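Participant: My questions concern the predicted model and sequence given below.
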Amino acid sequence: MVKLNSLKIGSLGDIVFINLSYMNKKSIIVILLLLIVIGYIVLRFVLFRTPTVSGLKITAQPQVNIFLDDKLVGKTPFENKYASGEYTLKLIPIEDQSFPVSSWQGKIKLNPSVLTFVNRDLGQSELRSGGEILTLDKIPLNETQLNVFSHPDAAKIIIDGIEKGITPLVLDDLEEGEHDVAVTSLGFIGRTQRVQLTSGYKLTVDFQLALSESQEASPSPTIQPESVSEVQIKRPYIVIKETETGFLRVRSGPSKTSTETAQVNPGTKYPFLEEKEGWYKIIYQEGKEGWISSRYADKKE
């Protein structure tokens with residue numbers, strides 16, 4: 001009985017040992033196979049991955065040389081594909097122009113698998129130049145979205161002949177398809193661009209408005225420097241900085257949507273009254289107060 005029991009126990013022990021060994025080998029094989037598969041996937045991703053491609057189209061009047069990150073890539077009209085990302089774009093007029101033309105430089109963003117469009121109408125100075133940049137972005141919602149910006153801001157936006165507001169503005173109630181987008185601002189040459197809205201994408205249109213010839217030749221701000229009392233202004237006071245337009249708008253409230261009440265010239269000083277985020281309140285004429293953008297003004301304590 002003892003021998004038989006020993007045999008059974010020993011046999012059972014052998015069976016257990018064999019099963020455990022078999023299970024360990026099987027687990028090791030499975031793990032090795034998983035590691036091989038993961039390694040193959042990672043290797044394929046690293047070695048054979050292709051960068052995301054974006055489209056870039058550029059037009060300009062007059063014809064210009066195109067520099068992308070300080071590298072000459074061609075002349076207008078131009079269209080090519082590049083890896084997505086942010087680039088520095090320079091447009092340099094060709095040397096044989098019959099009249100002086102200003103160059104242009106700016107940052108552009110190329111988003112994956114979509115086209116970025118740049119159009120410039122170059123004038124004799126930066127203020128006399130205009131254009132637009134159109135950029136597409138994928139959005140999670142299955143809807144169309146249009147973002148409109150302008151320089152200068154607070155320009156009137158007209159979509160398909162209907163006034164929609166002032167820049168900057170986001171519109172998400174437009175139907176998919178083609179639309180005419182126009183922006184206008186007093187003293188500037190308005191611009192119009194036909195756009196294509198696509199479901200699932202946000203289209204951003206950034207307009208640059210050129211100063212009109214009459215405005216640049218003879219600025220006519222409503223408030224002249226001598227409008228303020230000649231008495232020495234006590235601190236704190238505000239000094240108006242140089243602006244793109246040659247003047248700074250005074251508004252009835254601390255908002256771009258507030259009514260324009262006057263215009264003041266760079267270099268002039270005005271008594272300081274109050275400050276809100278991005279805005280200074282000043283006395284711009286005897287008995288008259290208004291708000292100006294702090295971006296174009298220095299506060300002297």
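Facilitator: Cool, got the structure.
Participant: Could I get the pLDDT score of the closest residue to Pro77 other than its chain neighbours?
Facilitator: Of all residues not flanking Pro77 in the chain, Thr59 sits nearest, at 5.1 Å (C-beta to C-beta, 6 or more residues apart in numbering). Bear in mind the C-beta positions are built from the backbone N, C-alpha and C, glycine included. Here the pLDDT value assigned to Thr59 is 95.
Participant: Can you tell me the element Thr59 falls in?
Facilitator: Thr59 is part of strand 53-61, with elements assigned from DSSP states H and E.
Participant: Note down every partner strand of that strand and its orientation.
Facilitator: strand 78-83 (antiparallel), strand 115-121 (parallel) (DSSP bridges).
Participant: for the stretch 101-250 of the chain, what spans make up the strands?
Facilitator: Secondary structure of the stretch 101-250 of the chain by DSSP state E, counting those that start in this stretch: the strands cover 104-110, 115-121, 130-138, 144-151, 156-159, 162-166, 169-171, 177-184, 188-189, 191-197, 201-208, 210-211, 237-240, 248-251.
Participant: Give me the mean pLDDT for stretch 113-125.
Facilitator: 92.
Participant: ok, now stretch 167-177?
Facilitator: Stretch 167-177 shows a mean pLDDT of 92 in the predicted model.
Participant: Of all the residues in it, which ones are buried?
Facilitator: Thr167, Pro168, Leu169, Leu171, Leu174 (16 or more other C-beta atoms under 10 Å).
Participant: and if you look at stretch 261-268?
Facilitator: For stretch 261-268, burial by neighbour count (16+ other C-beta under 10 Å) applies to Thr261, Ala262, Gln263, Val264, Asn265, Pro266, Thr268.
Participant: try stretch 292-301
Facilitator: Going by neighbour count (16+ other C-beta under 10 Å), the buried part of stretch 292-301 is Ile292, Ser293, Ser294, Tyr296, Ala297.
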